[in-house]
Structure formats: C-alpha cells, structure tokens
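Generate coordinates for the sequence data below:
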Amino acid sequence: MTVNVISKRGLGQQAKALKVDESAAAELNIWYRVARQAAWTNLAAVRTDFPSADQVGHVLVFNIRHNRYRLIVRSSFPIQKLYVKALMTHKEYEREEWKKWA
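Predicted coordinates for the structure are as follows:
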C-alpha cells in the first residue's frame with residue numbers, strides 16, 4: 001500500500017501564498033511524487049527518502065530548499081495517509097505554532 005498524500009492542491013495553494021521560487025516549487029513537487037509512491041511505516045522509512053526529516057508526535061517536518069521552508073505534515077502510518085498542514089518559512093516555523101498538530 002502506498003501513502004495517500006492529502007492534499008496536493010492545498011500544498012500548491014500554500015506555496016503560491018508564500019510566493020516560493022521555482023526551485024522550491026520543484027522541490028515540493030519532488031517531495032509529493034516521492035511521498036505518493038512511498039510505503040512509509042515509521043520515521044526510519046521516511047528518512048530513507050528524506051534524511052533530514054524529523055518527527056514531533058504525529059507530525060513530520062521536512063526541510064525544503066535547505067531549511068528556507070518547512071513542510072509540516074500530519075502522519076498516520078497505520079492507514080498510510082499524510083495530511084499536509086502547513087508550508088512555512090523558517091522564521092514562521094520557529095514560532096512553534098505548528099506544534100498544535102503534533
């Protein structure tokens with residue numbers, strides 16, 4: 001069973017709202033394609049594809065464009081679903097408001 005990423009549209013909208021550059025948008029598309037084809041069951045499996053990923057509770061944090069952006073995703077490994085919660089700048093990430101999803 002592969003991971004169901006919810007939602008590509010929401011990810012695109014957040015990227016547009018942040019006015020990410022083309023290289024960041026391309027990296028987000030790569031993240032999406034890899035995540036959709038993955039069969040992650042835990043953080044170790046995620047790190048085979050994204051070595052810098054971190055987990056806080058049920059939330060996975062991905063670095064985009066060398067820490068310029070952070071992608072916050074709520075994970076549900078048993079049912080193979082990822083819920084895109086936020087794409088934010090590193091400065092926004094440091095405020096830790098994203099922890100409400102952890």
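
and the gap between the residue nearest to Val61 when sequence neighbours are not counted and Trp101?
The shortest distance from Val61 to any non-neighbouring residue, by C-beta to C-beta, 6 or more residues apart in numbering, is to Asp54 (4.6 Å). Backbone N, C-alpha and C define where each C-beta goes, glycine included. Per C-beta to C-beta, to the nearest Å, Asp54 is found 14 Å from Trp101.

residues near Met88, how many?
As a burial measure, Met88 scores 19 neighbours (other C-beta atoms under 10 Å).

Same check on the one 4 residues further on?
By the criterion of other C-beta under 10 Å, Glu92 has 15 neighbours.

Quick check: pLDDT value at the most centrally placed residue in the chain.
Geometric centre of the chain, nearest residue: Leu71, 3.9 Å, by C-alpha atoms, centre = their mean. Model confidence at Leu71, given as pLDDT, is 95.

Angles on the backbone of Val46, please.
Per-residue torsions, Val46: phi -60, psi -40 (degrees, to the nearest 10).

Just to be sure, Phe62 is in a helix?
No - under DSSP: H, G, I helix; E, B strand; the rest coil, Phe62 sits outside any helix and is assigned strand.

Tell me who's in contact with it.
Applying C-beta atoms under 8 Å, 6 or more residues apart in numbering to Phe62 gives the contacts Trp31, Phe50, Ser52, Ala53, Arg70, Leu71, Val73.

Now, of the residues you listed, which are buried?
Among the contacts of Phe62, those scoring as buried are Trp31, Phe50, Ala53, Arg70, Leu71, Val73 (criterion: 16 or more other C-beta atoms under 10 Å).

which one of the contacts of Phe62 sits closest to Asn42?
Closest approach to Asn42 among the contacts of Phe62 (C-beta to C-beta): Ala53, at 11.2 Å.

Skip the chain neighbours and tell me the closest residue to that closest one.
Spatial nearest neighbour of Ala53, excluding adjacent residues (C-beta to C-beta, 6+ apart): Val46 at 4.9 Å.

again, but for Trp98
Nearest non-adjacent residue to Trp98 (C-beta to C-beta, 6+ apart): Ile72, at 4.7 Å.
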